[in-house]
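# Any chance you could fold what I've pasted below:
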Amino acid sequence: MSELSRRGVFLDEIGLGPLWLRRDGGLPEAEPIDADATPQQAFAPAIEIPVAESPVEAEAVVQAQSVPLNNAAVSAWGDDDAPVTSPVTTTTVLPAAMDWRQLQKAVAGCTACGLCRGRKNTVFGVGDNKAKWLFIGEGPGRNEDIQGEPFVGPAGKLLDNILLAMGLKRGENAYIANIVKCRPTDGTGRDRPPAADEVAACLPYLQRQIELIQPTILVALGKTAALSLLGLDPATPVSKLRGTVHRYADRPLVVTYHPAYLLRQLADKGKVWSDLCLAMSTYANVDR
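Reported below is the predicted structural model:
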């Protein structure tokens, strides 16, 4: 096999063929290989930058050169000769500036506190995102964590019945959310109230939900929701917050017991209905 043939076979094997010949039949003069070059640099194909001869060709050249280069192509140039590219910039959008879709995406990927490590699903909320009524619970339980929706177990069925008694329905003029979007559990895997740092990490999401929904009235379901929204001492009992119209985000806020509590204390259903009657009369008197 001739020198010319051997070189052609070699170039084909390493992916640099075909072998181009000068018109006089000779081989093109080879550039000397730097002994210190990496294998990628030593065998990288030469890259030509086309010269445009017209405005139309110039635009094509700009578009061709704007294609991102992979690592192998970049290593074909020395560090000093590498093409200058614009740095990639990222913009951090805070929850307070997010639209509904951005907020959902941020919650789904949130790692702001340790609750993210044990969740199956985040629980963003459910209902009419232009609702006049916003019901706020504590956080997801086991069923909610599995299904990604708040209040889907026995407590959820009770809440649905409460809504029907008020002339509301899940998804129709009512929105249901929680203080935290991930399930809080203790060392044994049982549900627990969220810690203060977990509430602080997650509350901006709920605050943005309130701003986007623009509800007329809020109902805090249970101690965690009430104390987190009102910023009160953790020892404050729900009984001391009932019967009063509070304010949050410049909106009326009524506090009542959590539906899960009612499943254990059926005798307090009358108290909850009294709280909701207060909420309905407040709602009726709000200037909308």
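
# Might one say that residue 247 is in contact with residue 254?
No: taking CB atoms under 8 Å as the definition, residue 247 is not a contact partner of residue 254, at 10.7 Å. For glycine as for every other residue, the C-beta is placed from the backbone atoms N, C-alpha and C.

# What is the burial count for residue 116?
Counted with other CB atoms under 10 Å, the neighbours of residue 116 add up to 14.

# Report the contact partners of it.
110, 182 (CB atoms under 8 Å, 6 or more residues apart in numbering).

# What separation do you get for it and residue 162?
Applying CB to CB, to the nearest Å, the value for residue 116 to residue 162 is 31 Å.

# and what of residue 233?
28 Å.

# so where's the protein uncertain?
Along the chain, the model assigns pLDDT under 70 to residues 1-91, 288.

# Going along the chain, name the strands of it.
All strands of the chain, identified by DSSP state E, fall at 126-127, 133-137, 174-178, 217-221, 245-248, 251-256.

# Please dump the ones you listed into TSV; it should also carry mean neighbour count and distance to residue 190 for every row.
TSV is the format used below for the strands of the chain (neighbours: other CB atoms under 10 Å; distance: least, CB to CB, whole Å):
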stretch	mean neighbour count	distance to residue 190
strand 126-127	21	24
strand 133-137	27	17
strand 174-178	24	17
strand 217-221	25	20
strand 245-248	14	29
strand 251-256	23	24
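
# Include distance to residue 262 when you put these into TSV, please.
Shown next, in TSV, are the strands of the chain (distance: least, CB to CB, whole Å):
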stretch	distance to residue 262
strand 126-127	20
strand 133-137	13
strand 174-178	16
strand 217-221	10
strand 245-248	21
strand 251-256	9
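
# Minimum distance to residue 189: which of those strands has it?
When those are compared for distance to residue 189 using CB to CB, the nearest one is strand 174-178, at 19.0 Å.

# which residues sit in contact with residue 250?
Contacts for residue 250 (CB under 8 Å, 6+ apart) come out as none.

# Residue 268 too?
Counted by CB under 8 Å, 6+ apart, residue 268 has contacts 257, 261, 262.

# one more time with 7 Å
The neighbours of residue 268, taking CB atoms under 7 Å, 6 or more residues apart in numbering as the test, are 257, 262.
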